[in-house]
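Trainee: Sequence first, predicted model second:
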Amino acid sequence: MAEIFFRTLPFFAIIGLGYWAGRSRFFTEEATAYLTRFVFYFPLSAMIFGFAANLSFAEVFDPTLVLGYLAGTLAVYLLVTAVAMARGLDMPTAAVEAQCAAIGNVGFLGLPMMAILFGPASVAPMMVVLSVDLVVFSSLIVILINAGRGNGLGMATLKLVGLGLLKNPMILSIVAGLAWSASALPIPEPANDFLTILGGAATPGALFAIGASLASKSAERIRISGWLSFAKLVLHPACVAIAVLWLIPAAPFSAAVAIAAASLPVAGNVYMLAQHYGVAPHRASAAIFISTVLSIVTVPAVIAWVS
C-alpha cells in the first residue's frame, strides 16, 4: 500500500500544483479552460492514437471485459438512480447523479497513471473502459435528460447523441489508431516522433488542468456529494470487481486494470454536461472536488489490492 501510494503521489502532486495555480489566480478560469481544450484536442488525442495504433481490434474490444465492465458500471448506475428516485428527484437530476457515480477521470488521469503503474499492457483494457464510458454512458445521460424533459427518443435526441460521439476527439483517436493498426503499416519515423513529443504533454498537462479546474469548484452539498463520492470511489470498483472476477470473469490482468480504472474520481466532463443542460451543476462540481481529494488515499488502496 505504501509503495503504491508513493508511486501515485507524483500524479496527485501535479494536480495539487494545478490547484494552487488556479486558486492563486496565477491561472485564471479562462486560462484553465484553454489549457483543458488544448490537452483534450491535441496531446491526449496524440497519446491515444499512438496507443491504439499499436493494438489490434481484438485487444481493445475484448467481449468478456466489455460485458464485465459494462455490467459492473450499469449496476452502480442503476443503484444510484434508484436512490435518487427514492429521494423524489426528477429523471435529469437522477441521471447526473448516476453519471457522477459511474464515470471516472479515465482520459486525463487514468490512462497515463495506469500506463506507468501497470505498464504498456494496461493500455488495451483502459481503452475498453474509455470506450464503454464514452459510447454507452456519455450517450445515456443525454438520452435520459432529454427524455426527462419530454423530448423522448426522437430524431433530434439521436442526432445530438450521434454528433457528440462523432465530435469527441478521444473516440476519433481510438478509431483512427485502430484503423492504422489494421492496415499493418508502420508509422513513419517523423510521424512517430511527432506523436511522441505531442503526446508527452498529455500527462502533465492533463493533471495540471484537473487541479486548476478544481480551484473553481467548492465542496457544497456535502451530504449528497459525499454519497456520490462514496458511490464512485467504493461502490463502482466493488461492482466492477464482482462482475469481472466472478459474474463474467475476464483475464486476471485485464480485470485488475478495469477495477483500478473504476476507482478513479468523478470525471470533469460530468460537470460540463450538467452545466450545459442546467441540471445540478453544483452537485456534480462538489462530487468532483470531494472524490478527487479522497482519491489520493482510495485509488492507491484499490490498486494495491488488485496488484
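Mentor: That came in fine, so what should we check first? Note that the structure is a prediction, hence the values are computed from the model and not measured.

Trainee: What helices and strands are in contact with the longest helix seen in the chain?
Mentor: Identified as the longest helix of the chain according to DSSP state H is helix 281-306. Where contact means 3 or more Cβ pairs under 8 Å, 6 or more residues apart in numbering; DSSP states H and E, helix 281-306 is packed against helix 2-23, helix 91-102, helix 202-214, helix 222-230, helix 252-262, helix 268-277. Just so you know, the C-beta spots here come from the backbone N, C-alpha and C atoms, and that holds for glycine as well.

Trainee: Single out the most deeply packed of those.
Mentor: Neighbour counts (mean count of other Cβ atoms under 10 Å) averaged over each of the helices and strands packed on helix 281-306 peak at helix 91-102, with a mean of 26.

Trainee: for it, packing partners?
Mentor: Secondary-structure packing of helix 91-102 (3+ Cβ pairs under 8 Å, 6+ apart): helix 63-86, helix 138-148, helix 222-230, helix 268-277, helix 281-306.

Trainee: report the angle between the axes of the third one and helix 91-102?
Mentor: Okay, so that is helix 222-230. Here helix 222-230 runs at an angle of 50 degrees relative to helix 91-102 (axes from the mean of the first three to the mean of the last three Cα atoms, to 10 degrees).

Trainee: So what touches helix 222-230?
Mentor: Applying Cβ atoms under 8 Å, 6 or more residues apart in numbering, the contact partners of helix 222-230 are 80, 83, 97, 100-101, 219, 265-266, 283, 286-287, 289-291, 294.

Trainee: where does the helix or strand just after that helix sit relative to the chain's centre, distance-wise?
Mentor: As assigned by DSSP states H and E, the chain's next helix or strand after helix 222-230 is helix 236-242. Centroid separation between helix 236-242 and its chain, computed with Cα atoms, centre = their mean, to the nearest Å, is 16 Å.

Trainee: likewise stretch 7-19?
Mentor: Using Cα atoms, centre = their mean, the offset of stretch 7-19 from its chain centre is 17 Å.

Trainee: Take that stretch, keep the C-alpha atoms, and write them as PDB.
Mentor: What follows is stretch 7-19, C-alpha atoms only, in PDB (Å, rounded to 0.1, in the frame of the first residue of the first chain):
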ATOM      1  CA  ARG A   7       4.100   5.900  -6.900                       C
ATOM      2  CA  THR A   8       0.800   7.600  -7.300                       C
ATOM      3  CA  LEU A   9       1.800  10.600  -5.200                       C
ATOM      4  CA  PRO A  10       3.500  12.500  -8.100                       C
ATOM      5  CA  PHE A  11       0.300  12.400 -10.100                       C
ATOM      6  CA  PHE A  12      -1.700  14.000  -7.300                       C
ATOM      7  CA  ALA A  13       1.200  16.400  -6.600                       C
ATOM      8  CA  ILE A  14       0.900  17.800 -10.200                       C
ATOM      9  CA  ILE A  15      -2.900  18.100  -9.600                       C
ATOM     10  CA  GLY A  16      -2.100  19.900  -6.400                       C
ATOM     11  CA  LEU A  17       0.200  22.300  -8.300                       C
ATOM     12  CA  GLY A  18      -2.500  23.000 -10.800                       C
ATOM     13  CA  TYR A  19      -5.000  23.600  -7.900                       C
END
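
Trainee: any idea of the mean pLDDT in it?
Mentor: Here stretch 7-19 scores 93 as its mean pLDDT.

Trainee: Repeat that for stretch 122-139.
Mentor: Averaged across stretch 122-139, the pLDDT comes to 92.

Trainee: Ends of that stretch, what's the gap?
Mentor: Terminal residues of stretch 122-139 are spaced 25 Å apart (Cα to Cα, to the nearest Å).

Trainee: Please spell out which residues along it are buried.
Mentor: For stretch 122-139, a neighbour-count test (16 or more other Cβ atoms under 10 Å) marks 122-134, 136-139 as buried.

Trainee: rewinding a little: right, and the helices and strands packed on helix 91-102 - which one's nearest D193?
Mentor: Closest of these to D193 is helix 268-277, at 30.1 Å (criterion: Cβ to Cβ).

Trainee: Helix 91-102 and the closest one, what's the angle between them?
Mentor: Following the same axes, to 10 degrees, one obtains 170 degrees for the angle between helix 268-277 and helix 91-102.

Trainee: packing partners for helix 268-277?
Mentor: Counting contacts by 3+ Cβ pairs under 8 Å, 6+ apart, helix 268-277 is packed against helix 91-102, helix 138-148, helix 281-306.

Trainee: Pull the distance from it to the chain's centre.
Mentor: For helix 268-277, the separation from the chain centroid amounts to 13 Å (computed by Cα atoms, centre = their mean).

Trainee: Next: stretch 125-144.
Mentor: 9 Å.

Trainee: Return the set of buried residues in the lowest-mean-pLDDT helix or strand in the chain.
Mentor: Ranking every helix and strand in the chain by mean pLDDT, DSSP states H and E puts helix 155-166 at the bottom, with a mean of 75. By neighbour count on 16+ other Cβ under 10 Å, the buried set for helix 155-166 is T157, L160, V161.
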